[in-house]
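**Student:** Just the structure for this:
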Amino acid sequence: MLGVKSRHWLTGRRHTLNVEALTTEAALQYQNEWKALSNRIRGLTEALHLHAAILAVNSNDSFSVASKLLEHVAKIGHELRAFRDALGDILPQQAQDAVRTILSQWPEFISGMRVSETPNMRRERIWASVVMLSAFEAEMTFALSGNQEAVLARSERAFSHLQRSIIVDPKVGAEWKAAFKKGEVACEKLGAVHLLLHGIYAFKAHADGGRTDLVFQEPIERFEGELRFAEGLVLTEWKIVTRDNVGSQCEQARSQAAKYAQGVLGGTELKSYRYIVGVSSDHVHFPQDVNESGVIYRHKNIAVAPKVPSRSGGSAAQRQPAAGP
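**Tutor:** Here you go, the predicted model:
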């Protein structure tokens, strides 16, 4: 299991996050870590069933099996705390709530055996703790079964593919240079079409908090048609940026994105991430990603004529600090 130190790259000053590390490592890591914990809980549940079946035939516990089962319960509690400390910041809210609830109830089930506790009472305490763990395991598995990580990964891949295509494909590069000269709307239209190749339907927020289609520049009430072909819906704000105005442009884009108030559409819409995309001639130093009220604003730089190709996949190789909320 992960140690507490593993979580420190997730948070920093002014609520900034290293989301590149999150996307490439931690989002998959907590799935793997939870799978190991889930298997351990299920194994303990099966052992309890076997123990109960044996007690139905012979009520003696000469080898203190019940006490050993309680030791396993305690060990799982320690693993859950390590899981929370290492990865709790990036778990879906439902999963965070489930972990918080189970750990708040833990002392009641793993406290030392009371002087007056009979063998039957101890067995009931062990059974109750395993039943509680089993219910928790089902809730956590459900909470982590959504497609948010898949939509996030697709979005990251799309931006990386876009920057690399501009560099290696002369036709794509020429299209983006032309769009850059025309301005913000031309860039967001071209960007929306590229994202759609990766199954991502990108939209932006308009003044009253609703959604606007990037290609047709029209308000969207429902995504009935788009949901038939898009695997994820992502809020984006596109800006033309230079080295001199990148900070103010990104701040303005975050302000515009923050106006978005329309309800999310289940697991299809990326809930906790919004993309601020700055299109520039060459790569510019971009602000750190910012966490505002539980929403992470992911900053991406798309350079249409980069002198030195960046390996950061749509983000500036180095980032400048951004003021948090």
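**Student:** Cross-check the contact I'm expecting between residue 254 and residue 297.
**Tutor:** Yes - at 5.1 Å, residue 254 and residue 297 qualify as touching, with contact defined as Cβ atoms under 8 Å. Just so you know, the C-beta spots here come from the backbone N, C-alpha and C atoms, and that holds for glycine as well.
**Student:** shared neighbours, those two?
**Tutor:** Residues touching both residue 254 and residue 297 by Cβ atoms under 8 Å, 6 or more residues apart in numbering: 276, 290.
**Student:** ok, the two, which is more surrounded?
**Tutor:** residue 297 (25 against 20; other Cβ atoms under 10 Å).
**Student:** Would you mind measuring from the more buried one to residue 256?
**Tutor:** 11 Å (Cβ to Cβ, to the nearest Å).
**Student:** Residue 90 now?
**Tutor:** 26 Å.
**Student:** neighbour-wise, which of the two wins?
**Tutor:** The neighbour comparison of residue 90 against residue 256 (other Cβ under 10 Å) goes to residue 90, with 21 against 16.
**Student:** Quickly note the distance from the more buried one to residue 254.
**Tutor:** Distance from residue 90 to residue 254, counting by Cβ to Cβ: 20 Å.
**Student:** number of nearby residues for residue 164?
**Tutor:** 16.
**Student:** if I look at it, how far off is residue 242?
**Tutor:** 23 Å.
**Student:** quick one: secondary structure of residue 122?
**Tutor:** The local conformation at residue 122, judged by DSSP: H, G, I helix; E, B strand; the rest coil, is helix.
**Student:** separation between it and residue 107?
**Tutor:** Applying Cβ to Cβ to residue 122 and residue 107 gives a distance of 16 Å.
**Student:** So between the two, which is more surrounded?
**Tutor:** Using other Cβ under 10 Å, the more surrounded residue of residue 122 and residue 107 is residue 122, with 18 against 9.
**Student:** how many other residues sit next to the closest residue to residue 188 other than its chain neighbours?
**Tutor:** Nearest residue to residue 188, sequence neighbours excluded (Cβ to Cβ, 6 or more residues apart in numbering): residue 238, at 3.8 Å. When counting by other Cβ under 10 Å, one arrives at 26 neighbours for residue 238.
**Student:** looking at this, residue 238 is in a strand?
**Tutor:** Yes - checked against three-state DSSP, residue 238 lies within a strand.
**Student:** That one: what's it in contact with?
**Tutor:** Counted by Cβ under 8 Å, 6+ apart, residue 238 has contacts 184, 187-188, 191, 204, 214, 253, 277-279.
**Student:** at 6 Å what do you get?
**Tutor:** Shown in contact with residue 238 (Cβ atoms under 6 Å, 6 or more residues apart in numbering): 184, 187-188, 277.
**Student:** For residue 167, see how far away it is.
**Tutor:** Residue 238 is 19 Å from residue 167, by Cβ to Cβ.
**Student:** What of residue 101?
**Tutor:** The gap separating residue 101 from residue 167 is 49 Å, by Cβ to Cβ.
**Student:** all helices for the stretch 51-200 of the chain, in order.
**Tutor:** For the stretch 51-200 of the chain, the helices defined by DSSP state H, counting those that start in this stretch cover 65-87, 93-110, 119-143, 148-168, 170-182, 184-197.
**Student:** again, but for the stretch 201-325 of the chain
**Tutor:** 246-257.
**Student:** which stretches of it form strands?
**Tutor:** With DSSP state E, counting those that start in this stretch, the ranges of strands along the stretch 201-325 of the chain come out as 211-213, 219-220, 232-240, 273-280, 286-287, 289-292, 295-303, 319-320.
**Student:** Could you dump those into JSON lines with mean pLDDT and distance to residue 152 added?
**Tutor:** Formatted as JSON lines, these follow (pLDDT from 0 to 100; distance: least, Cβ to Cβ, whole Å):
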{"stretch": "strand 211-213", "mean pLDDT": "86", "distance to residue 152": "19"}
{"stretch": "strand 219-220", "mean pLDDT": "80", "distance to residue 152": "21"}
{"stretch": "strand 232-240", "mean pLDDT": "94", "distance to residue 152": "8"}
{"stretch": "strand 273-280", "mean pLDDT": "96", "distance to residue 152": "6"}
{"stretch": "strand 286-287", "mean pLDDT": "91", "distance to residue 152": "18"}
{"stretch": "strand 289-292", "mean pLDDT": "90", "distance to residue 152": "12"}
{"stretch": "strand 295-303", "mean pLDDT": "95", "distance to residue 152": "9"}
{"stretch": "strand 319-320", "mean pLDDT": "49", "distance to residue 152": "19"}
